[in-house]
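A.B. asks: got a sequence here, can you build the structure:
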Amino acid sequence: MQQLVMNKVDRLKGAVTVPGDKSISHRAVMFAALSEGKSAIFNFLESEDCQNTKKAFQQLGIKFSTRGKALIVYGQGLYGLRASEKPIDCGNSGTTMRLLSGILAGQEFTSVVTGDKYLRRRPMKRVITPLRIMGAKIEAVRDELAPLKIYGGDLQGIDYNLPVASAQVKSCVLLAGLYADGKTSVVEPVPTRDHTERMLGYLGAKISKKGLTTSVQGNTRLKGNTIIVPGDISSAAFLLVAASIVPGSKVVIRKVGINPTRNGIISVLKKMGAKITIRNKRTFGAEPVADLEVRASNLHGITIAGKIIPNIIDEIPVLAVAAAMARGKTIIRGAKELRVKETDRIKSMASQLKKMGANISERKDGLVIQGPAKLKGAVVDSFGDHRTAMSLAVAALAAEGKTVIKDTACINTSFPGFTKILGKISQ
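C.D. replies: Numbering: from 1, shown residues only. Here you go, the predicted model:
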C-alpha cells in the first residue's frame, strides 16, 4: 500500500499551475464524443477518473488521438455510439457512472456499467429514478447499487425536481434529455455547478436556464469544437489552504477556473480571513479563468451552511484543515452528502484530524471544529479517498514532526503531480 511521509515546512512560495479541472475534463470527453466531427481538448486531466471516462467511450466506439498538447476526440454524433461487448468499468468515478447512465439511457442498445468496490457502494437510485420516469429500463443491485444494466431508447422529456442538490444527477437527466422527445427540464433546490449547461450550449445544444430551472430540447445536434480545460479549483483549494496556514507563505496559482458555481472556496476562505487576490480574469470557451494569489493569514472560525454547501462540497475536507488552524469555532452543517462520497468524509476527516491533535467532532450533517490547534505528526489513513489524503497532507505541512499518510495512490484520481507541486513551493 502506497504511503506519503510529510514534514512541517517553514513556508510555501512560488508560482504554479494545477491540473485541468476534473469535472470539465469528464464532460469534455463525453460531449465531444456526442458531437459531430473532431474536437481538440487542451489541458485534459490525465487522472484515473478521467481516463476511466475516456476508456468508457473507447468501449463505445469512439476514437482518440494526441496532437501536440491536445487530445483529439473523433465525435460520432448523438447516435454514433455502438454497444460495448463487455461491461463498462467506471473505476472509482461517480461522475463517469452517473453522467454516462443518462447517455446510455438514450441509446438503442443495452449496456452494463460497473465500478470498483467503492463505487459499487455509492447510491445510484438518484439517477435511476428520473431515468425510469423518462422511459428507461434499468436493473440494479437492491434497486440502487451498481452494476447497472441499462436498456436504452424511447425516452420522453420530463419536468424533474431534484430532491437533493446534485450536479451529477442534473447532468444525467439533461444528457438523457438530448435523446428524449420534447423538452426536459430540471429544477434544483439550490444552484449546483453548471459545467454541463455551459459546455452543451457551447457545442450547440438548445439549452436554456431560468432561475433554478435548466431545460434542454431533445434531438438537437452538437458540433465538435476546441475545448480548453481550466485549472481545477478543487485542486487549487489544497494550495489555497496550505499557503493560508503556513506562516510567511505566498503562492500564485495560474489559469484556475473561477466558475461562479465552483468558486465558493474563495469566498469561504476570505470570510475566514484568508488573503486571496484574483488577477488576470479571462475566458476559456464558456468558462471564466483567473490567476489566484494567496498569502499566509490569521484565519478565524465561521459557520458554513446553506446554499454555499453544494458549491464547496468537494472542498469541505480541506476547509476542515483550515478550520483546525483558525481561531475560534467553525461549524459546518448541511453537508450530509459527504457521507456518501468515495468514503464517509465527515467521519474520516474528524477521526484523522483528531489523531493529529485537532479539536473536531462529527455531526450528522457536518463538523464542529474549535481552533487553533497545535497539530502534531501522526500516522493517519486516507481510506482510499483522494481528497482526504490531500487534506491530511496539507495539515501535515503545519504539524510538528513527521506525518505518515496511508493509502495515497488514490491521489492520482484527481491530482497527479500533487506531491511534486508541494515540493516545488516548499522552502
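A.B. asks: from now on I want contacts and neighbour counts done on CA atoms only, so please keep to that.
C.D. replies: Will do.
A.B. asks: for the helix or strand hosting Arg98, give me every contacting residue.
C.D. replies: Arg98 is part of helix 94-104 when elements are defined by DSSP states H and E. With contacts defined as CA atoms under 8 Å, 6 or more residues apart in numbering, helix 94-104 is touched by 23, 26, 49-50, 52-53, 90, 110-111, 113-115, 119, 122, 124, 127, 131, 150-152, 168-169, 171-176.
A.B. asks: ok now that helix, how far from the chain's centre?
C.D. replies: 14 Å (CA atoms, centre = their mean, to the nearest Å).
A.B. asks: and the angle from the helix or strand harbouring Val113 to helix 94-104?
C.D. replies: Taking DSSP H and E as the definition, Val113 sits inside strand 110-114. With axes from the mean of the first three to the mean of the last three CA atoms, to 10 degrees applied, the angle from strand 110-114 to helix 94-104 works out at 170 degrees.
A.B. asks: just the CA atoms from the lowest-mean-pLDDT helix or strand in the chain would do, formatted as PDB, please.
C.D. replies: Ranked by mean pLDDT, DSSP states H and E, the weakest helix or strand in the chain is helix 309-312, scoring a mean of 91. Listed next in PDB are the C-alpha coordinates belonging to helix 309-312 (Å, rounded to 0.1, in the frame of the first residue of the first chain):
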ATOM      1  CA  ILE A 309     -22.600  23.900   0.500                       C
ATOM      2  CA  PRO A 310     -23.200  22.400  -2.900                       C
ATOM      3  CA  ASN A 311     -20.700  24.900  -4.300                       C
ATOM      4  CA  ILE A 312     -18.000  23.700  -2.000                       C
END
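A.B. asks: so what touches that helix?
C.D. replies: Applying CA under 8 Å, 6+ apart, the set of residues contacting helix 309-312 is 165-166, 190-193, 261-265, 334-335.
A.B. asks: please repeat the previous calculation with a cut-off of 7 Å.
C.D. replies: By CA atoms under 7 Å, 6 or more residues apart in numbering, the surrounding residues in contact with helix 309-312 are Ala165, Thr192, Arg193, Thr261, Arg262, Gly264, Ile265, Gly334, Ala335.
A.B. asks: so which of these belong to helices?
C.D. replies: Gly264, Ile265 (DSSP state H).
A.B. asks: mind putting the contacts of helix 309-312 into JSON lines with distance to Ser39?
C.D. replies: JSON lines is the format used below for the contacts of helix 309-312 (distance: CA to CA, whole Å):
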{"residue": "Ala165", "distance to Ser39": "31"}
{"residue": "Thr192", "distance to Ser39": "26"}
{"residue": "Arg193", "distance to Ser39": "23"}
{"residue": "Thr261", "distance to Ser39": "25"}
{"residue": "Arg262", "distance to Ser39": "25"}
{"residue": "Gly264", "distance to Ser39": "30"}
{"residue": "Ile265", "distance to Ser39": "31"}
{"residue": "Gly334", "distance to Ser39": "39"}
{"residue": "Ala335", "distance to Ser39": "37"}
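A.B. asks: closest one of the contacts of helix 309-312 to Ala399?
C.D. replies: The nearest member of the contacts of helix 309-312 to Ala399, counting by CA to CA, is Ile265 at 22.7 Å.
A.B. asks: mind listing what that closest one touches?
C.D. replies: Ile265 makes contacts with Ala237, Ile312, Glu315, as judged by CA under 7 Å, 6+ apart.
A.B. asks: how far away is Arg98 from His195?
C.D. replies: Look at Arg98 and His195: by CA to CA, to the nearest Å, they are 15 Å apart.
A.B. asks: just Val321 next, same as before
C.D. replies: If you measure Val321 against His195 using CA to CA, the figure is 27 Å.
A.B. asks: where does Pro130 fall, secondary structure wise?
C.D. replies: In this assignment (DSSP H and E), Pro130 forms part of helix 125-134.
A.B. asks: pLDDT (mean, whole number) over the following helix or strand past that helix?
C.D. replies: Using DSSP H and E, the helix or strand that follows helix 125-134 in sequence is strand 137-141. What strand 137-141 shows for mean pLDDT is 96.
A.B. asks: looking at Val321 and His195, which one has more neighbours?
C.D. replies: Remark: of Val321 and His195, Val321 carries more neighbours, 28 against 20, as counted by other CA atoms under 10 Å.
A.B. asks: secondary structure element holding the nearest residue to that one once chain neighbours are set aside?
C.D. replies: Distances taken as CA to CA, 6 or more residues apart in numbering place Ala395 nearest to Val321, at 5.9 Å, with adjacent residues excluded. Assessed by DSSP H and E, Ala395 sits inside helix 386-397.
A.B. asks: Ala40 now?
C.D. replies: Going by DSSP H and E, Ala40 is in strand 36-42.
A.B. asks: that strand: which residues count as buried?
C.D. replies: For strand 36-42, burial by neighbour count (16 or more other CA atoms under 10 Å) applies to Glu36, Gly37, Lys38, Ser39, Ala40, Ile41, Phe42.
A.B. asks: give me the distance from that strand to the chain's centre.
C.D. replies: Worked out by CA atoms, centre = their mean, strand 36-42 lies 22 Å from the chain centre.
A.B. asks: what does that strand contact?
C.D. replies: Outside strand 36-42, the residues within contact range by CA under 7 Å, 6+ apart are 32, 69-77, 222-229.
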